[in-house]
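Asker: Give me a model of this one.
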Amino acid sequence: MVVLKGSKFFKNTPPGKHVRNLLILILGSFIGVAGFYIFIVPNDLLAGGVWGLAILCNHFFPLLPMGIYVLLINIPLMIWAHRQLNLRFVVYTLFTMAIQITMLLTLEDFFPVYQKDVLLSCLFGGLIIGIAIGLIVKAHGSGGGMDIVGIILKQKWDVSVSSVIFIGNIVVVLAAALVFGLERGMYTMVSIYVTSYVFNQILEGFNRKRNAMIITTKGEEISQMLLHNLGRGVTMLKGEGGYSHADKHILFCVVSRFEISSLKEIVRTADPGAFVMISETSEVMGRFKSKPVLPHL
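Answerer: Numbers count the residues shown, from 1 in each chain. Next comes the predicted model:
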């Protein structure tokens, strides 16, 4: 996640997009609180980051509700980070935190409680919270906590944000093992892993594409076959063999995973000696649509 100082990204965003983002932040917060109160809290599990710390605080000092502990933990983090974050991220994060704390304080008795199977609670609790976090981050927001710490440390010492969150979650797991027992600590680890996996899938997209680079002496022929048979656009560059110094064509093409076999068959048919590299692409920006394939093909 790249966070830039300044407010131009906030000011240049159309009002309609702000409204859409704020609605997504509300939805993500509601989903997260639902998973938290239905599956995590009733089974003595801990969520990752600040919410997990809030459960611990509430366990030892039950005089205050968890929503207040979430607020108390996040306030010094936001003060520490206010000069490191851009205006849109700050506003969205404060908005998300306010919504989450309000829901934590008012909706605890609104949700049903599931306690029949701890493992199912781990899986579904992690799934729901992962979806919630993914929606919030997709809308350029954050629930605070370890995200903010990771961003600050990345800017100061170029530390990976995901590494900071991972270390923070390990601390939470160890705390859960000490407070609630080793078994609950291991269940917490399962829940946090599911949360992290689902979050990454939402952030990077479920419909990942494949990027193909083809080095061939028959660039024109392969390019036309890809255009007409698959309906995919192709970018063609001129290259030169490092050993033979022969002229080469370098083709770049993005396809879906269902089209990989067809792409390889096209290349084998046109140039059996072509060099092909296929790698997974997490996200594609720009126009990625199939052109109509010719009827006789």
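Asker: buried ones in the strand or helix carrying residue 177?
Answerer: According to DSSP states H and E, residue 177 maps onto helix 161-180. Neighbour-count burial for helix 161-180, with 16 or more other C-beta atoms under 10 Å as criterion, is recorded at 161, 164-165, 168-169, 172-173, 175-177, 180. For every residue, glycine as well, the C-beta is placed using N, CA and C.
Asker: could you redo those as JSON lines and give each row pLDDT?
Answerer: As requested, those are arranged in JSON lines below (pLDDT from 0 to 100):
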{"residue": "161", "pLDDT": "63"}
{"residue": "164", "pLDDT": "74"}
{"residue": "165", "pLDDT": "74"}
{"residue": "168", "pLDDT": "80"}
{"residue": "169", "pLDDT": "78"}
{"residue": "172", "pLDDT": "77"}
{"residue": "173", "pLDDT": "79"}
{"residue": "175", "pLDDT": "79"}
{"residue": "176", "pLDDT": "74"}
{"residue": "177", "pLDDT": "80"}
{"residue": "180", "pLDDT": "78"}
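Asker: Of those, which is the nearest to residue 246?
Answerer: Nearest to residue 246 out of the buried residues of helix 161-180 is residue 161 (C-beta to C-beta; 45.0 Å).
Asker: Which of the three states applies to the residue of the chain positioned farthest from its centre?
Answerer: What lies farthest from the middle of the chain is residue 244; by C-alpha atoms, centre = their mean that is 44.2 Å. With DSSP: H, G, I helix; E, B strand; the rest coil as the basis, residue 244 sits in coil.
Asker: From residue 216, how far off is it?
Answerer: Remark: distance between residue 244 and residue 216 (C-beta to C-beta, to the nearest Å) = 13 Å.
Asker: How about residue 104?
Answerer: Residue 104 is 59 Å from residue 216, by C-beta to C-beta.
Asker: Kindly report the same for residue 80.
Answerer: Distance, residue 80 to residue 216, by C-beta to C-beta: 54 Å.
Asker: tell me the contacts of the residue found closest to residue 249 once you drop the neighbours it is linked to in the chain?
Answerer: Of all residues not flanking residue 249 in the chain, residue 219 sits nearest, at 2.5 Å (C-beta to C-beta, 6 or more residues apart in numbering). Applying C-beta atoms under 8 Å, 6 or more residues apart in numbering to residue 219 gives the contacts 236, 248-251.
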